[in-house]
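**Q** Below are the sequence and a predicted model for it; my questions follow.
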Amino acid sequence: MTHQEAIAITRRLTRQQSRELTREQLLQAAAELFAEHGVNGTSVEQIVERAGYTRGAFYGNFEGKHELVLALLEQRTQHELEEMQEIDRDAGSFDSLMEHLRSWYRQRDETLGSWLALRTELWLYGLRDPELLPVLADRERRSRAALTQALEQGFAARSVAPPAPVEFLALVLHSLGDGLSIQRVLSPEDSDIDTVANAIELLMRSWGALSRNPAPTEEASRPSPGLGGRRPGARHRPAVLPAAPDAPAGAEVSLGGRRGARPRPPG
């Protein structure tokens, strides 16, 4: 939306609607400039010039740049949570979920460089300000909570128990998406547009293979140590993965090595 279009719309809006539109335009301009020049490298004058407003309009919405950064963090967090919830809501099956997720990552890939630059700048700004660090931590926590809920629903729909605490699995997925996005920007020739979605699908299918037992009863699901939730005194049994298609019959592979095969000496 151009500044002229925004002015034309503003004339038809109420006072409150006009203020919300101005605030939105200022946040958008700030996001673009932060990605281009960094938070500390961007001035209020640059923000109002990019948005097409005056300093008075800026200070009518924000006490200063710091408050704008806080508002931008909240806006981005809420927007991404809503997108994740929409994907989860529209997905009727695992294949449908992956299709929606793949489409979402493909759209993000179009502006991945600027998205990552802005996110990194906001991280750096928070790391340098002890008062802002808890805000960043809360943002990450809310994102992981949304992932945790989606995973819980997925395991419950299949009536299987997760192979590890769902919060831990959500942390793995969240970190995987961040790390692969960085690699995609730094080394685009080493990945493609579906790399993140493909990696998530691989993990999800692997976790499904590890979760073939029915979901635990209330008695069996009491808290216990370890990621696998093993009860004290219980005998450890390594998880078993399906063997490769060309492997001999019965040659399943456990996380401790091939079942029934002697460990091969090193070298």
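**A** On my side now, so go ahead.
**Q** Once you drop chain neighbours, what's closest to the residue nearest in space to the middle of the chain?
**A** Taking C-alpha atoms, centre = their mean, the centroid of the chain lies closest to residue 174, which sits 4.8 Å from it. Closest residue to residue 174 apart from its sequence neighbours, by C-beta to C-beta, 6 or more residues apart in numbering: residue 144 at 5.2 Å. Yep, even glycine has a C-beta here, placed from its N, CA and C like the rest.
**Q** Count the neighbours of that neighbour for me.
**A** When counting by other C-beta atoms under 10 Å, one arrives at 18 neighbours for residue 144.
**Q** Residue 104 too?
**A** With other C-beta under 10 Å as criterion, residue 104 counts 16.
**Q** Which residue ranges of the stretch 51-200 of the chain form helices?
**A** 55-59, 65-90, 94-109, 112-127, 133-157, 166-186, 195-210 (DSSP state H, counting those that start in this stretch).
**Q** okay, the angle between the fifth one and helix 65-90?
**A** Relative orientation of helix 133-157 and helix 65-90, computed by axes from the mean of the first three to the mean of the last three C-alpha atoms, to 10 degrees: 0 degrees.
**Q** what does helix 133-157 contact?
**A** Applying C-beta atoms under 8 Å, 6 or more residues apart in numbering, the external contacts of helix 133-157 come out as 70, 73, 76-77, 80-81, 84-85, 88, 94, 97, 122-123, 126-127, 161-162, 166-167, 169-171, 173-174, 204, 211, 215.
**Q** buried ones in that helix?
**A** If you call a residue buried by 16 or more other C-beta atoms under 10 Å, then helix 133-157 has these buried ones: 135-136, 139, 143-144, 146-148, 150-151, 154-155.
**Q** Kindly report the same for the shortest one.
**A** Of the residues in helix 55-59, those buried under the neighbour-count criterion (16+ other C-beta under 10 Å) are 57-58.
**Q** same check, this time on the second one
**A** By 16+ other C-beta under 10 Å, the buried positions in helix 65-90 come out as 65, 68-69, 71-73, 76-77, 84, 87-88.
**Q** Likewise for the last one?
**A** When neighbours are counted by 16+ other C-beta under 10 Å, the buried residues of helix 195-210 are found to be 195-201, 204, 207-208, 210.
**Q** Identify the farthest-apart pair in these.
**A** 195 and 210 (22.8 Å; C-beta to C-beta).
**Q** leaving aside the residues next to it on the chain, what's closest to residue 181?
**A** Per C-beta to C-beta, 6+ apart, closest to residue 181 is residue 116, 6.0 Å.
**Q** residues near that neighbour, how many?
**A** Count around residue 116 with other C-beta under 10 Å applied: 18.
**Q** Against residue 164, how distant is it?
**A** Distance of residue 116 to residue 164, computed by C-beta to C-beta, to the nearest Å: 28 Å.
**Q** low-scoring stretches of the stretch 101-250 of the chain, by residue?
**A** 212-250 (pLDDT under 70).
**Q** quick revisit: tell me the contacts of the residue nearest to residue 181?
**A** Residue 116 neighbours (C-beta under 8 Å, 6+ apart): 181-182, 185.
**Q** Next, give phi and psi for residue 41.
**A** Phi and psi for residue 41, reported as degrees, to the nearest 10, are phi -90, psi 0.
**Q** Okay, it and residue 64: tell me how far apart.
**A** As judged by C-beta to C-beta, residue 41 and residue 64 stand 16 Å apart.
**Q** do residue 84 as well
**A** As judged by C-beta to C-beta, residue 84 and residue 64 stand 31 Å apart.
**Q** what's the answer for residue 132, then?
**A** Taking C-beta to C-beta, one finds residue 132 at 13 Å from residue 64.
**Q** Who has more neighbours out of those two?
**A** Remark: of residue 132 and residue 64, residue 132 carries more neighbours, 17 against 10, as counted by other C-beta under 10 Å.
**Q** neighbours of residue 25, just the number please.
**A** Using other C-beta under 10 Å, residue 25 is surrounded by 22 other residues.
**Q** Could you say which helix or strand holds it?
**A** Assigned by DSSP states H and E, residue 25 belongs to helix 15-37.
**Q** Specify the angle between that helix and helix 112-127 in degrees.
**A** For helix 15-37 against helix 112-127, the angle by the same axes, to 10 degrees is 100 degrees.
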